[in-house]
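S.K.: Test case, fold it:
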Amino acid sequence: MASSTPLARLLEERSSGRVVKHLAAILDQLPNSYCQLESLGRHECVIRGRRMLNFNAINYLGLEQHPEMIASAQQALATWGTLAGSSRAAAEVGLYEKLESKIAEKIGVESVIVYPTVTLANHGVIPLLMRKRSLLLTDQEVHNSVQRAAIEAKGAGATLGSFIHDDFTQLEQILEAQRGQHSHAMIALDGVYSMAGTYLNLPRYEAIAKKYDAMLYIDDAHGFGVVGPEGRGIVSHYGSNYDNTIYVASLEKGLASLGGFVAVPQAARDYFRYNSYTYTFSGQLPPPYLASALTAMEILEREKGARLTRLHELIGRVKTEVQEIGFEVIGEDHPFPLVMVKVGEFENIPEVSQFFYDEGVHILTVGFPVIPQSRGAMVRISLSATHADSQIDRLMAAFRKLHAKLNPSRTQQDSRECLADTASSVAA
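M.R.: So this is what the prediction gives:
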């Protein structure tokens with residue numbers, strides 16, 4: 001890259017570092033990452049001309065190709081066109097009011113505000129609330145968009161700190177030392193930690209928040225739709241309430257649409273609408289996504305939990321069989337459709353990614369820096385309620401083959417033991 005301009009020099013400095021080049025070299029060896037989908041549907045996709053089973057897409061309830069979803073999106077296109085052409089601060093599509101009322105009713109709050117994405121919700125809310133004389137503490141494993149929004153809040157005058165994931169002792173030590181110096185305090189967390197498949201320990205954090213006169217901020221992007229009674233999310237899972245919690249969630253993972261929302265008291269709604277910059281200065285969601293989100297909620301109400309029941313069955317089967325094969329499943333015993341499987345160490349990542357590609361399975365293999373380096377190499381199985389049993393059969397066959405490949409001596413020993421048992425049975 002030529003160094004003739006300030007921009008060229010900056011980009012050269014940023015992109016030529018040893019770590020950047022090392023990660024790029026590794027990613028170049030991962031056929032299941034940073035790849036292009038040539039077609040997509042029915043939990044299959046085509047990559048580089050090859051048809052693959054898709055266990056990478058996050059469509060937990062399998063609504064993305066439901067005929068009613070497609071029909072409602074098409075009707076919205078016919079009625080409203082492809083976009084509204086303004087921010088909500090100027091004029092909004094009428095579907096917003098219907099969707100926000102529907103979500104608020106579902107989770108049992110006074111009001112919600114829909115944003116174009118969860119990321120924009122986080123950036124629109126956290127720096128708005130956390131400013132001067134505010135203490136903002138983030139779990140080190142909270143989603144990147146929350147961490148970035150926290151940095152923005154620091155720029156607005158907030159004091160920013162972080163604590164080791166679920167290290168309650170450290171969190172209390174920070175609050176004990178700093179809470180008295182600030183008028184307000186917030187603890188920012190994920191509802192479900194997607195790269196570990198673990199649920200937030202909400203009762204413990206609520207107790208700490210009460211003890212230190214702090215509030216909670218929960219990004220439940222992966223929980224809404226699949227966690228808790230009728231998929232109402234992590235707060236509902238624990239039977240708690242939103243009195244001291246800013247709750248943010250996604251319309252994408254569970255509802256197969258687009259957008260995010262934040263639950264707010266009705267009395268504070270106008271404060272967010274008039275002051276949250278990502279609400280005021282962002283474009284609106286395209287009408288087809290608003291319509292499809294509404295339709296998704298209607299379908300789920302009508303089906304009365306059938307998709308969640310099916311999803312839980314698949315989660316239980318996959319976790320059981322993967323462990324029986326000999327792999328370690330990382331995470332708690334809660335049913336969650338992202339199943340994290342430890343498959344080796346960091347250096348195994350290219351080999352494992354290539355293996356699944358060769359087996360015709362599109363699945364994510366991750367390591368540092370996506371997850372802590374101590375966790376080694378992990379495969380993330382993304383399950384959907386509409387995965388067929390035959391597709392799960394093929395996935396499990398691939399895992400058996402991978403285990404034999406990674407543990408050849410163990411496989412040979414098992415074979416010898418099996419032959420010995422057979423011989424003993426014949427002799428008897």
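
S.K.: List the contacts of V352.
M.R.: 343-344, 365, 377, 379, 402 (Cβ atoms under 8 Å, 6 or more residues apart in numbering). Using the backbone N, CA and C atoms, a C-beta is placed for each residue, glycine as well.

S.K.: excluding its backbone neighbours, what's nearest T295?
M.R.: Spatial nearest neighbour of T295, excluding adjacent residues (Cβ to Cβ, 6 or more residues apart in numbering): S72 at 4.1 Å.

S.K.: how much space between the one you found and A104?
M.R.: Taking Cβ to Cβ, to the nearest Å as the measure, S72 falls 20 Å from A104.

S.K.: of these two, who's got more company?
M.R.: Between S72 and A104, S72 has the larger neighbour count (other Cβ atoms under 10 Å), namely 21 against 18.

S.K.: on that earlier part again, the residue nearest to T295 is in contact with L294, isn't it?
M.R.: Yes - between S72 and L294 there is a contact under Cβ atoms under 8 Å: 7.1 Å.

S.K.: hang on, the earlier thing: so which bits of the helix or strand harbouring the residue nearest to T295 are buried?
M.R.: Secondary-structure assignment from DSSP states H and E places S72 in helix 67-80. Of the residues in helix 67-80, 69, 72-73, 76, 80 count as buried by neighbour count, 16 or more other Cβ atoms under 10 Å.

S.K.: ok, now stretch 108-118?
M.R.: By 16+ other Cβ under 10 Å, the buried positions in stretch 108-118 come out as 109, 111-118.

S.K.: how many other residues sit next to A25?
M.R.: For A25, the count of nearby residues is 10 (other Cβ under 10 Å).

S.K.: helix/strand/coil for it?
M.R.: Recorded secondary structure, A25: helix (DSSP: H, G, I helix; E, B strand; the rest coil).

S.K.: what's next to stretch 384-399, contact-wise?
M.R.: For stretch 384-399, contacts defined as Cβ under 8 Å, 6+ apart pick out 43, 53, 55, 57, 59-62, 307-308, 310-311, 314, 317-318, 321-322, 325, 327, 337, 341, 355-356, 359-361, 363, 381.

S.K.: Check those residues for burial and list the buried ones.
M.R.: The neighbour-count criterion (16+ other Cβ under 10 Å) marks 43, 53, 55, 57, 59-62, 307-308, 310-311, 314, 318, 321-322, 327, 337, 341, 355-356, 359, 361, 363, 381 among these as buried.

S.K.: Next step: those residues restricted to strands.
M.R.: Of those, the ones assigned to strands by DSSP state E are 53, 341, 361, 381.

S.K.: now those in TSV, with distance to S162 and pLDDT?
M.R.: Below are those laid out as TSV (distance: Cβ to Cβ, whole Å; pLDDT from 0 to 100):
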residue	distance to S162	pLDDT
L53	38	97
V341	28	95
V361	36	97
I381	29	97
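
S.K.: Pick out the most distant pair among those.
M.R.: L53 and V341 (15.7 Å; Cβ to Cβ).

S.K.: Could you pull up the contacting residues of L171?
M.R.: Here L171 is in contact with 137, 163, 187, 208 (criterion: Cβ under 8 Å, 6+ apart).

S.K.: What is the neighbour count of the second one?
M.R.: Around F163 sit 19 other residues, with neighbours defined as other Cβ under 10 Å.

S.K.: Thought H66 was touching R42, still the case?
M.R.: No - if you go by Cβ under 8 Å, R42 and H66 don't touch, sitting 11.9 Å apart.

S.K.: Just the helices from the stretch 101-250 of the chain, written as ranges.
M.R.: Assigned by DSSP state H, counting those that start in this stretch, the helices in the stretch 101-250 of the chain fall at 118-129, 144-155, 168-178, 202-211, 234-237.

S.K.: and those helices as JSON lines, adding mean pLDDT?
M.R.: Putting the helices of the stretch 101-250 of the chain into JSON lines (pLDDT from 0 to 100) gives the following:
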{"stretch": "helix 118-129", "mean pLDDT": "98"}
{"stretch": "helix 144-155", "mean pLDDT": "98"}
{"stretch": "helix 168-178", "mean pLDDT": "98"}
{"stretch": "helix 202-211", "mean pLDDT": "98"}
{"stretch": "helix 234-237", "mean pLDDT": "98"}
